[in-house]
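Participant: my questions concern the predicted model and sequence given below.
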Amino acid sequence: MRDEGVLPNRRSVRLPFFDYSRPGAYFLTICVQDRRPVFGRVEGYRVELTALGHIAKECWLAIPAHFPVVRLGPHTIMPDHLHGIVTITAPTKEASDAAANEENLAKDHRRARYIVPLREKPLREFAESIAGSVATIVATFKAAVARQAARELSGTKSGRLWQRGYYEHVIRNEQDFQNACEYIRMNPARRAFELEYWQKRAEKR
């Protein structure tokens, strides 16, 4: 399986009418803007991460701290993108209470800041983020990486870090899950083979 087949050209692959906040496993691919290799370089069959790559890894591993219903599966950070599996589980009563608490605090903050009364049942706008959905998880992760990079690293404040959108695959069964895990595990080695192949071709010219 080559990256070209996994990373489509900026077209929506969302399943119509599918609830991406429902419990289940999702294979995600998130790309850097213009596929710039800012997260590291392939050395041998592994990726040597840059400082920005380590920030991306740290923020990825922190996802469950912000989304208690999320469990992380295998992941790999490549020079210009990352692959990872997230599993959304059914919320426990504690997680539901914590989420409700957080939402109430956010509402209180907005009310105090803007002094605008909130509707009891606000209307959802088109493409509005849904709490706990895959889209919200990805958006939060992207923002966390960009924010931490801007705070800790020089030269990362200007320009867009992430490519717009992301790719996801709904994992449907155990075999599908194992295939995704194998793809993630082998991705650095596959990239190393590809680099070696094209280098040899260039040397023969």
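Facilitator: That came in fine, so what should we check first? No experiment lies behind these values; they were computed from the predicted model shown.
Participant: could I get the contacting residues of I85?
Facilitator: For I85, the contact set (Cβ atoms under 8 Å, 6 or more residues apart in numbering) comprises 25-28, 72-75, 171, 177, 180-181, 184. Bear in mind the C-beta positions are built from the backbone N, C-alpha and C, glycine included.
Participant: could I get the full set of strands for the chain?
Facilitator: Using DSSP state E, the strands assigned to the chain run over residues 24-31, 40-43, 46-49, 70-77, 81-88, 167-171.
Participant: buried residues in the fourth one, which are they?
Facilitator: Within strand 70-77, the residues that count as buried by 16 or more other Cβ atoms under 10 Å are 70, 73, 75-77.
Participant: which strands border it, and is each parallel or antiparallel?
Facilitator: With DSSP bridges as the test, strand 70-77 is paired with strand 81-88 (antiparallel).
Participant: adding distance to R151 and pLDDT, write the buried residues of strand 70-77 out as TSV.
Facilitator: As requested, these are exported to TSV (distance: Cβ to Cβ, whole Å; pLDDT from 0 to 100):
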residue	distance to R151	pLDDT
V70	24	95
G73	29	96
H75	23	96
T76	25	95
I77	19	96
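Participant: between those residues, which is nearest V134?
Facilitator: Set against V134, the nearest of those by Cβ to Cβ is V70 (9.6 Å).
Participant: before we move on, the earlier item: make JSON lines from the strands of the chain and add distance to A139 to it.
Facilitator: JSON lines is the format used below for those (distance: least, Cβ to Cβ, whole Å):
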{"stretch": "strand 24-31", "distance to A139": "10"}
{"stretch": "strand 40-43", "distance to A139": "23"}
{"stretch": "strand 46-49", "distance to A139": "23"}
{"stretch": "strand 70-77", "distance to A139": "14"}
{"stretch": "strand 81-88", "distance to A139": "13"}
{"stretch": "strand 167-171", "distance to A139": "13"}
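Participant: now for those, which one comes closest to A143?
Facilitator: strand 24-31 (12.1 Å).
Participant: what helices or strands is the closest one leaning on?
Facilitator: When contacts are defined as 3 or more Cβ pairs under 8 Å, 6 or more residues apart in numbering; DSSP states H and E, strand 24-31 sits against strand 81-88, helix 134-152, strand 167-171, helix 174-204.
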